[in-house]
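Engineer: Need a 3D model of the sequence below.
(chains A and B)
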2 protein chains.
Amino acid sequence: MKVISQNTAFDGMQGVYAHESDACKCEMTFAVFVPPQAISEPRPVLWYLSGLTCTHANVMEKGEYRRLASELGLIIVCPDTSPRGNEVPDELTNWQMGKGAGFYLDATEKPWAEHYQMYSYITEELPSLISQHFRADMSRQGIFGHSMGGHGAMTIALKNPDRFKSCSAFAPIVQPSMADWSAPALEKYLGADRSAWRRYDACALVEDGARFPEFLIDQGKADSFLEDGLRPWLFEDAIKGTDIALTLRMHERYDHSYYFISTFMDDHLKWHAKRLGCL
Amino acid sequence: MKVISQNTAFDGMQGVYAHESDACKCEMTFAVFVPPQAISEPRPVLWYLSGLTCTHANVMEKGEYRRLASELGLIIVCPDTSPRGNEVPDELTNWQMGKGAGFYLDATEKPWAEHYQMYSYITEELPSLISQHFRADMSRQGIFGHSMGGHGAMTIALKNPDRFKSCSAFAPIVQPSMADWSAPALEKYLGADRSAWRRYDACALVEDGARFPEFLIDQGKADSFLEDGLRPWLFEDAIKGTDIALTLRMHERYDHSYYFISTFMDDHLKWHAKRLGCL
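Structural biologist: Okay, here's the model as predicted:
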């Protein structure tokens, strides 16, 4: 693991690191904020998965999570959104496919399958690296994210309810297999058989029996992707009749940007902290 | 005035605007955060001046000022650091001169004088625009900034003690006329006669009789520019025997980045809010 940068912030340390990924077969970069409490004891890990076009850097620069994470004692891990590098296939003019658009899945189709193994990367390889290199209490993990990363957080939580104690999302894509901006990517990554897509679709996972105790979703009503791509009410419908609890908050005037994310960041950190035993 | 973007954040509005500047003879861009309280009453204005290489955007994205500014009811204005555009002279390979490096002064030398009138822009033209377009209480203004912008804030406060009720700085250049990274710029902008530089040098201004009641300065001890360029102790020396009060805080492990700025942003906002009658 290579140190790209380390900056003291809020008495903790914001670092950026890179490593050769076995899962993605390329160098991967990620950000980790370590709170000051980690000097004396292992601290819970909160995973933040970013949206389309983002890298690890967007939320690190604009998410405003450090003040409260430092106070609560949370380690915040921000992975990249796809494999990177010249050898990695891409669709240069399509921001919804390829680099910056890994959809947190393990691709099965050519030419994507060789590098686009983000599900394995996020759920296996990177946790192992984090547990080796940081003072992390891996028995206390939460996961959240934005947009495509909200989709990632929710589907990963639904598939790993024993690993994660908490999950939340900012403006998530809750049904990517049916949304115009994600279905074409799922087809390219996973093939034409739509049954394979259901493992990466929060609504379909619930229909197929996956369970996670409770979710917090914040959504701006002035989000230009709301009606076509995000549609959190579909998840509200999907969990009806199950024991899954959902706190869905719709916010007047808020859009899809980091101005929205940073506004509600504190609420999400507190949501996780409470369930991770830090509040 | 042209609206570039407006995003709801922390119940207020983060906007970016552009206008044709008379002072700088080019289009200038600036950011304004308006807190929710401005819906019902005029609110105090806090000016943030950025450092070398920055635009209005850096602190807007990475400064983390909105949460507390919203709570305290402060309008935050973030101007650009220099004139911009193809017709504006520049030194492309020199980050300490030209675009991104206006030093908040009125240049007198060719070819700089035509556009580089940042002192007039910040102290006359932009305040007039702000008072016309925003619900601002111009009788309550504070000013702060970072590095070159800390120099800007301190010198502008010292020259306008009746206008500003508060001043603070993150890692300011307190004696730009003597520092290696700023003296060459002052020479190009103002000519070889060093007496003209003293109006843009906080230490020299104090020596020449300028006064402002009190300053807050935060400085990281791991700041790589500390010894050669910043040297806040020179300002500490300059105010000895005057009635100027200085709170100078030196912080172990902090560097010159926005990680440092954002960490101490709340303290600065509170410093200003108290003196602007919002705390």
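Engineer: tell me the contacts of the residue minimising distance to the centre of chain A?
Structural biologist: Geometric centre of chain A, nearest residue: A:L49, 2.2 Å, by Cα atoms, centre = their mean. The contact partners of A:L49, taken as Cβ atoms under 8 Å, 6 or more residues apart in numbering or on different chains, are A:79, A:81, A:104, A:122, A:143-146, A:148-150, A:152-153, A:156. Every residue, glycine included, has its C-beta placed from N, CA and C.
Engineer: switch to 10 Å and redo it
Structural biologist: Contact analysis of A:L49 by Cβ atoms under 10 Å, 6 or more residues apart in numbering or on different chains lists A:59, A:77-81, A:102, A:104, A:118, A:122, A:143-156, A:169, A:172.
Engineer: Which residues does it form beta bridges with?
Structural biologist: On the basis of DSSP bridges, A:L49 is bridged to A:G145.
Engineer: From B:T53, how far off is it?
Structural biologist: Taking Cβ to Cβ, to the nearest Å as the measure, A:L49 falls 31 Å from B:T53.
Engineer: repeat for A:Y189
Structural biologist: A:Y189 sits 39 Å away from B:T53 when distances are taken as Cβ to Cβ.
Engineer: same check, this time on A:W47
Structural biologist: If you go by Cβ to Cβ, the gap between A:W47 and B:T53 works out to 33 Å.
Engineer: again with A:W181
Structural biologist: 35 Å.
Engineer: Comparing these two, which residue is more hemmed in?
Structural biologist: A:W181 (19 against 14; other Cβ atoms under 10 Å in any protein chain shown).
Engineer: How about that one: what's its closest non-neighbour residue?
Structural biologist: Distances taken as Cβ to Cβ, 6 or more residues apart in numbering or on different chains place A:G229 nearest to A:W181, at 4.7 Å, with adjacent residues excluded.
Engineer: The closest residue to A:I76 other than its chain neighbours in helix, strand or coil?
Structural biologist: The shortest distance from A:I76 to any residue other than its chain neighbours is 4.3 Å, reached at A:F33 (Cβ to Cβ, 6+ apart). Following DSSP: H, G, I helix; E, B strand; the rest coil, the label given to A:F33 is strand.
Engineer: Would you enumerate the residues in contact with A:F33?
Structural biologist: A:7, A:9-10, A:12-15, A:46, A:48, A:60, A:63, A:65-66, A:69-70, A:74-78, B:259.
Engineer: Can you turn the buried part of these into a ChimeraX selection?
Structural biologist: Buried residues within the contacts of A:F33, by 16 or more other Cβ atoms under 10 Å in any protein chain shown, are selected in ChimeraX with:
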select /A:7,9,10,12,13,14,15,46,48,60,63,65,66,69,70,74,75,76,77,78 /B:259
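Engineer: buried stuff in stretch A:243-253?
Structural biologist: Neighbour-count burial for stretch A:243-253 flags A:244, A:251 (criterion: 16+ other Cβ under 10 Å).
Engineer: Tally up the residues packed near A:W47, please.
Structural biologist: A count of neighbours around A:W47, defined by other Cβ under 10 Å, yields 27.
Engineer: Confirm that it sits in a strand.
Structural biologist: Yes - assessed with three-state DSSP, A:W47 lies in a strand.
Engineer: where's it relative to A:P127, distance?
Structural biologist: In terms of Cβ to Cβ, A:W47 sits 9 Å off from A:P127.
Engineer: wait, isn't A:M28 in contact with A:C78?
Structural biologist: No - taking contacts as Cβ atoms under 10 Å, A:M28 lies outside contact range of A:C78: 12.0 Å.
Engineer: Need the overlap of contacts for these two.
Structural biologist: What both A:M28 and A:C78 touch, as defined by Cβ under 10 Å, 6+ apart, is the set A:H56.
Engineer: And for the nearest residue in space to A:Y254 that is not next to it in sequence, the neighbour number?
Structural biologist: Nearest non-adjacent residue to A:Y254, counting by Cβ to Cβ, 6+ apart: A:G220, 3.0 Å away. A:G220 sits with 27 neighbouring residues when counted by other Cβ under 10 Å.
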